[in-house]
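Novice: okay, here's the prediction I keep looking at, along with the sequence it came from:
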Amino acid sequence: MLHENLFSGEISDIFRNLTQLYLLNMGKNQLSGRIPMSLATCQQLEKLLLAGTGLNESIPKQIFELPKLNILLLANNTLSGSLPNEFGHLRQLEIMDVSGNQLSGNIPDITERYSILQSLNIARNKITGSIPKSLENLAALESLDLSSNNLFGLIPKELREPSCFAVRALITQKKRNRRNNGTSSFVVKGLPSRLSYSEIQLATNRFAMNNLIGKGAFGSVYRAVFSTGEIGIHTTVAVKVLDLTQSKASKSFEAECEALRNIRHRNLVKVFTSCSSIDHKGAEFKALAMEFMSNGNLDKWLYPEDVECGLTLTLTQRMNIAIDVASALDYLHHDCDPPVVHCDLKPGNVLLDEDMTAHVGDFGLARFLSHDSLQNESSTIGLKGSIGYIAPEYGLGGKASTSVDAYGFGILLLELIIAKKPTDRMFQEGLSLNMFISEVHETKILDIVDPRLFKDKESLTQSSSTSYSTRGDSSSSSNNNNNIVFRSEECVAAIVRVGLSCAAHSSKDRFTMREALSKLHEIKRCSIGF
């Protein structure tokens, strides 16, 4: 890739021997001349990205005969002549952008009825004639921009009332008639407002394993880097790709889109846009583009694969994470209308940004509580959540309620302190995580906490002793160290009490999330300085 440099002159005709070349990106340079004819010999070429390079003359017809080409970006050059008739022989092409050139002539007929073309942009040229009716053959088309040309005549019937794509600046209805699949109103610099399969494939380097950052019951999450937009803008997002071979995956996608459509909170993962399309094999493809969280999920911090890697959370960090998660749930339960129940709260669904601020994600099982306490019909019926975090009454077929989330939060809070999963082998024969902790006396609570929680207590004591000894007051040093340990014990015990109150067996005995949040803030205020 040679894009976004200051290269000048013509592109050398050096491609005859590059038979395995699959990507050429020289966009946003200061080149001149024509597109090299020798590119036609690159039979493995999948992506040709030459936008904003200063190229001129006509587009070689052989480019459209490359058997594997799926992305062609030639926008913002000074290309002239007409679109070759071979343009109508689209086979593997998914994205084509030749906007902002000096192309003339008519739009060729589309002869490939089952083309997988998803995005076509011919705007800001000198194209004349009428819009060919054969554009109706593009069954996968999601975005069509023919604006700022010299087109005339009637708009084909299928384009006047688009059900699967938008026609910009040609018709008054720019949005899809079908329900907007959760595309958020967030605007992210460098990220397209609507993603296609090919854009996601390119941004994830064809879903490379080194970009895989997580797997769940209904799909996989990849790190994706988009380079669209202004020069120098590279946007990193997380893309959740649904595994549609799973019977409930589509319902999970719909529930997540619906849940995230109108909710906004600093401790909820933002979903920027979505993709509902087909892949290169013609199979259905669904994905969500979300905030990328550089510190991964809470599960990886509590249970690192490499115990020597140094991943650990201080008591202060755990307290802040608990407050962040409680704040998100309090918002969903008390400030949303109708209230939203997450239904799958667990460490794997708590994501941490670069500042270690926690964000609740994965709303694939979310429920809406209507005023008559019935579940919203769009919720994913039959799915209950993750084993160990499901409230007893909900697991036995009860209705979703805010107390279901309170139970899951209580388990998560206890897990934050002792770093034991509720599915750990030690919890069997009727013994649960919350039952085990409830039987431990508060004075012995430090015997069962995560041993990493106070691993720096000795160094903290040494630091305090040094500080006080410089002032010649060894007794003050001793008292200070005792205070540090005492206040830490009290803080842990208080957090555990909140966790047990949230995870009470009976839903009537549980804290609401507003009560839990208030208690946690109180504990934090009283524990400053430990």
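Specialist: Everything's here; your move.

Novice: just give the nearest non-adjacent residue to residue 313, would you?
Specialist: Closest residue to residue 313 apart from its sequence neighbours, by C-beta to C-beta, 6 or more residues apart in numbering: residue 301 at 5.5 Å. C-beta: built from backbone N, CA, C; applies to glycine.

Novice: let's check: the centremost residue of this protein is which one?
Specialist: Central residue of the chain (C-alpha atoms, centre = their mean): residue 290, 2.5 Å from the mean position.

Novice: that one pairs with what?
Specialist: residue 238, residue 271 (DSSP bridges).

Novice: pLDDT weak spots in the stretch 151-300 of the chain?
Specialist: Scanning the stretch 151-300 of the chain for pLDDT under 70 picks out 154-194, 228-234, 261-262.

Novice: just to be sure, the residue nearest to residue 313 is in a strand?
Specialist: No: assigned with DSSP: H, G, I helix; E, B strand; the rest coil, residue 301 falls outside any strand and is helix.

Novice: per-residue confidence for it?
Specialist: The model reports residue 301 with a pLDDT of 94.

Novice: likewise residue 94?
Specialist: The model reports residue 94 with a pLDDT of 83.

Novice: do the same with residue 495
Specialist: pLDDT recorded at residue 495 is 94.

Novice: what's the burial count for it?
Specialist: 25 (other C-beta atoms under 10 Å).

Novice: tell me which element it falls in.
Specialist: Element membership of residue 495, judged by DSSP states H and E, is helix 474-502.

Novice: quick one: name whatever helix or strand follows that helix.
Specialist: Using DSSP H and E, the helix or strand that directly follows helix 474-502 along the chain is helix 513-526.

Novice: which parts of that following helix are buried?
Specialist: Of all the residues in helix 513-526, those buried under the rule 16 or more other C-beta atoms under 10 Å are 513, 514, 515, 516, 517, 519, 520, 523, 524.

Novice: and that helix, average pLDDT?
Specialist: Per-residue scores along helix 513-526 average to 93.

Novice: who touches that helix?
Specialist: Residues outside helix 513-526 that contact it (C-beta atoms under 8 Å, 6 or more residues apart in numbering): 319, 322-323, 326-327, 329-330, 333-334, 402, 405-406, 409-410, 491, 494-495, 498, 501-502, 511.

Novice: what subset of these is buried?
Specialist: Restricting the contacts of helix 513-526 to buried positions leaves 319, 322-323, 326-327, 329-330, 333, 402, 405-406, 409-410, 491, 494-495, 498, 501-502, 511, with burial counted as 16+ other C-beta under 10 Å.

Novice: number of residues surrounding residue 347?
Specialist: 23.

Novice: where do the strands of the stretch 51-200 of the chain begin and end?
Specialist: Secondary structure of the stretch 51-200 of the chain (DSSP state E, counting those that start in this stretch): strands at 56-57, 71-73, 78-79, 95-97, 104-105, 119-121, 126-129, 143-145, 150-151, 166-168.

Novice: as JSON lines, those strands with distance to residue 26 and mean neighbour count would be great.
Specialist: Below are these laid out as JSON lines (distance: least, C-beta to C-beta, whole Å; neighbours: other C-beta atoms under 10 Å):
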{"stretch": "strand 56-57", "distance to residue 26": "15", "mean neighbour count": "15"}
{"stretch": "strand 71-73", "distance to residue 26": "11", "mean neighbour count": "22"}
{"stretch": "strand 78-79", "distance to residue 26": "15", "mean neighbour count": "18"}
{"stretch": "strand 95-97", "distance to residue 26": "15", "mean neighbour count": "21"}
{"stretch": "strand 104-105", "distance to residue 26": "25", "mean neighbour count": "14"}
{"stretch": "strand 119-121", "distance to residue 26": "19", "mean neighbour count": "23"}
{"stretch": "strand 126-129", "distance to residue 26": "25", "mean neighbour count": "16"}
{"stretch": "strand 143-145", "distance to residue 26": "23", "mean neighbour count": "20"}
{"stretch": "strand 150-151", "distance to residue 26": "30", "mean neighbour count": "14"}
{"stretch": "strand 166-168", "distance to residue 26": "27", "mean neighbour count": "17"}
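
Novice: distance to residue 286 added to the ones you listed, as JSON lines?
Specialist: Below are these laid out as JSON lines (distance: least, C-beta to C-beta, whole Å):
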{"stretch": "strand 56-57", "distance to residue 286": "40"}
{"stretch": "strand 71-73", "distance to residue 286": "20"}
{"stretch": "strand 78-79", "distance to residue 286": "35"}
{"stretch": "strand 95-97", "distance to residue 286": "18"}
{"stretch": "strand 104-105", "distance to residue 286": "38"}
{"stretch": "strand 119-121", "distance to residue 286": "17"}
{"stretch": "strand 126-129", "distance to residue 286": "33"}
{"stretch": "strand 143-145", "distance to residue 286": "17"}
{"stretch": "strand 150-151", "distance to residue 286": "33"}
{"stretch": "strand 166-168", "distance to residue 286": "18"}
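
Novice: run a quick neighbour tally on residue 342.
Specialist: Counted with other C-beta under 10 Å, the neighbours of residue 342 add up to 29.

Novice: how about stretch 125-141: buried residues?
Specialist: 125, 127, 131, 134, 135, 137, 138, 140, 141.

Novice: make sure the last one is actually in contact with residue 120.
Specialist: Yes: with contact defined as C-beta atoms under 8 Å, residue 141 counts as touching residue 120 (6.6 Å).

Novice: sec struct for residue 213, please.
Specialist: With three-state DSSP as the criterion, residue 213 reads strand.

Novice: and it, what does it touch?
Specialist: Neighbours of residue 213 in contact, by C-beta under 8 Å, 6+ apart: 221, 222, 223, 238, 296.

Novice: okay, and which of these map to strands?
Specialist: Using DSSP state E, the subset of the contacts of residue 213 located in strands is 221, 222, 223, 238.
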